[in-house]
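J.: compute the structure for the input listed below.
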Amino acid sequence: MEEERKLKKWKEEVEKREVPADRLDQAIQIGFEAAKRNHTNKKRGFMKRSIWSTAIAAVLILAFVTSIRVSPAFANALSSIPGLSGIIELIQDNKGIQMAIENEHYQMIGTTGETDSMKVTLEGIITDETSLIVFSKIENNKKYPKSYLSGYRILDSNGKEIPNGQFFSTVWNQKNDLLATNTTEIKFESPVPTEEMILEYEITGEFNGEQVIDTIQIPFKVELKPVKKEHYAVNKTVVVDGQKIHIHSITIGPIKTAVEVEYDAKNTKKIFGFEDLRILDEKGEVWSAIKNGSTASWSEDSAVISYFLQSNYFRDTEHLYLQFNKLMAMDKDEAELIIDTETKEILKQPNDKRFSNLKIHGSHLEIELKGGKGYYHDPFSTFYDAEGKALSQMSGTYRPGSDDVNYFGLELPDVEFKNPLTFPLHAYPSYIKGDVKIKIK
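T.: This is a model prediction of the structure:
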């Protein structure tokens, strides 16, 4: 087909392309700021992803894809919907979103707004009961090449902000660095509003050596047919390496599948998350974790975590199974890093001693972590001084090294604190393995 020929040609061009250094810096900054905004929400968490995992995801998206995995039906759908062809690099690994578009669960909007530095077009949306995904096209003015999309707000028709959580990803055009495509996933605290809303784009740029923040507001109204999610009560407990994992339920909607999980409080290990959680049908087709979107949701008021997978909502299946084999976990009494910023010593760390080369210059702290191939999770976020006072980093840095080593840095807050500092670990290259398969239907 003509669409497949175009996609193959596009793939070949992308594989030859180098990523501009300034776009890498931009991707890191966008990822860091987005994660920081989500991380400051103490009562509820949307997108359970560490700051630097988010930033690195932005870089990986920016680096472009190395393969094109789309069905002929999806390629045909893209060719028939204005403004959608540019998003393929963002959703080419998400079969659920592809199937939603194939099944016409996509609303075209096509409204444009602009500032001196940027033009933004809200191309269209996909919804479920409480979330929506927004597809946007970004066109930088060549006079302001360093301007970038830095955030969003959803407002009602009176200009009042509607509470929500969000995750967004951007990819630059392979031929023109002034063009970009963006997807934004927005989760509301209640059902998606049906009255008119305003999507406000925040744009950050540089003018005469100073940082300038501007906004573009685009009104829209959800007109897609309401959908009802499929809910399956599982209520099963499985054991992996002596650790109990409670699977409460699975909910499948047009955008994603949510798997509600609770780790037993009596477990001896701290479980950071799943490495290969997935759903299979009777034919062995797999719906795995979402790569470019929110990965989980949780609340401080509950021990239950919702992990998100791709959706098979538009696929007829006779049987479904939940399966996983590997989790990131470690003994609870090891899951912390303790350092003294005055003596510049590591006082405590996990027994395998993957942390090393602690360096402190003024308020900047950097530490080396031997994580293994493909590891880039940020090991910590909030930390505490000797008196138990909670502290947050002002900014962060990440750089990969050789021999599977990563360097994580942070700017210590400009407040008084008492040494030593304790960093509870939120990720670490330590794993447990099992063989779990649960029948859903």
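J.: switch to C-alpha atoms for all contacts and neighbour counts from now on
T.: Noted.
J.: any idea which residue of this protein is furthest from its center?
T.: Within the chain, the residue lying farthest from the chain centre (C-alpha atoms, centre = their mean) is Thr343, at 36.4 Å.
J.: can you tell me the SS state at it?
T.: Of the three states, Thr343 takes coil under DSSP: H, G, I helix; E, B strand; the rest coil.
J.: the one 3 residues further on too?
T.: The three-state label given to Ile346 by three-state DSSP is strand.
J.: how much space separates it from Arg278?
T.: Ile346 is 38 Å from Arg278, where distance means C-alpha to C-alpha, to the nearest Å.
J.: compare these two (neighbour count), which wins?
T.: Arg278 (21 against 18; other C-alpha atoms under 10 Å).
J.: contacting residues for that one?
T.: Val286, Trp287, Ser288, Ala289, Leu309, Leu322, Gln323, Phe324 (C-alpha atoms under 8 Å, 6 or more residues apart in numbering).
J.: how about the nearest residue to the first one, chain neighbours excluded?
T.: Think Val286. Computed as C-alpha to C-alpha, 6 or more residues apart in numbering, the closest residue to Val286 that is not its neighbour in sequence is Leu280, at 4.7 Å.
J.: what about the one you found, how many neighbours?
T.: As a burial measure, Leu280 scores 20 neighbours (other C-alpha under 10 Å).
J.: so which strand or helix has it?
T.: Element membership for Leu280, per DSSP states H and E: strand 278-281.
J.: next secondary structure after that strand?
T.: strand 286-287.
J.: partners of that next one, with directions?
T.: Strand 286-287 has its sheet partners listed here by DSSP bridges as strand 278-281 (antiparallel).
J.: for the host helix or strand of Ile432, buried residues please.
T.: Secondary structure from DSSP H and E places Ile432 in strand 431-439. Neighbour-count burial for strand 431-439 flags Tyr431, Ile432, Ile438 (criterion: 16 or more other C-alpha atoms under 10 Å).
J.: so how far is it from its chain's centroid?
T.: 24 Å (C-alpha atoms, centre = their mean, to the nearest Å).
J.: repeat that for stretch 214-226.
T.: That offset, for stretch 214-226, works out to 22 Å (C-alpha atoms, centre = their mean).
J.: do the same with stretch 397-410
T.: For stretch 397-410, the distance from its own C-alpha centre to the chain's C-alpha centre is 20 Å (C-alpha atoms, centre = their mean).
J.: start and end of it, how far apart?
T.: End-to-end distance of stretch 397-410 (C-alpha to C-alpha): 6 Å.
J.: is it true that Lys229 touches Ile252?
T.: Yes - counting by C-alpha atoms under 8 Å, Ile252 is a contact partner of Lys229 at 5.5 Å.
J.: looking at those two now, which is surrounded by more residues?
T.: Ile252 (22 against 16).
J.: who touches the nearest residue to the more buried one once chain neighbours are set aside in this structure?
T.: For Ile252, ignoring the flanking residues on the chain, the nearest one in space by C-alpha to C-alpha, 6+ apart is Glu230 at 5.0 Å. For Glu230, the contact set (C-alpha under 8 Å, 6+ apart) comprises Thr251, Ile252, Gly253, Tyr313.
J.: ok, now Ser395?
T.: Contacts of Ser395 by C-alpha under 8 Å, 6+ apart are Leu410, Glu411.
J.: again with Ile133
T.: Counting by C-alpha under 8 Å, 6+ apart, Ile133 touches Ile125, Ile126, Thr127, Thr183, Thr184, Glu185, Ile186, Ile255.
J.: same list (these) but as CSV, adding pLDDT and distance to Asp264.
T.: Shown next, in CSV, are the contacts of Ile133 (pLDDT from 0 to 100; distance: C-alpha to C-alpha, whole Å):
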residue, pLDDT, distance to Asp264
Ile125, 94, 38
Ile126, 93, 36
Thr127, 93, 33
Thr183, 84, 35
Thr184, 85, 33
Glu185, 86, 30
Ile186, 88, 30
Ile255, 90, 29
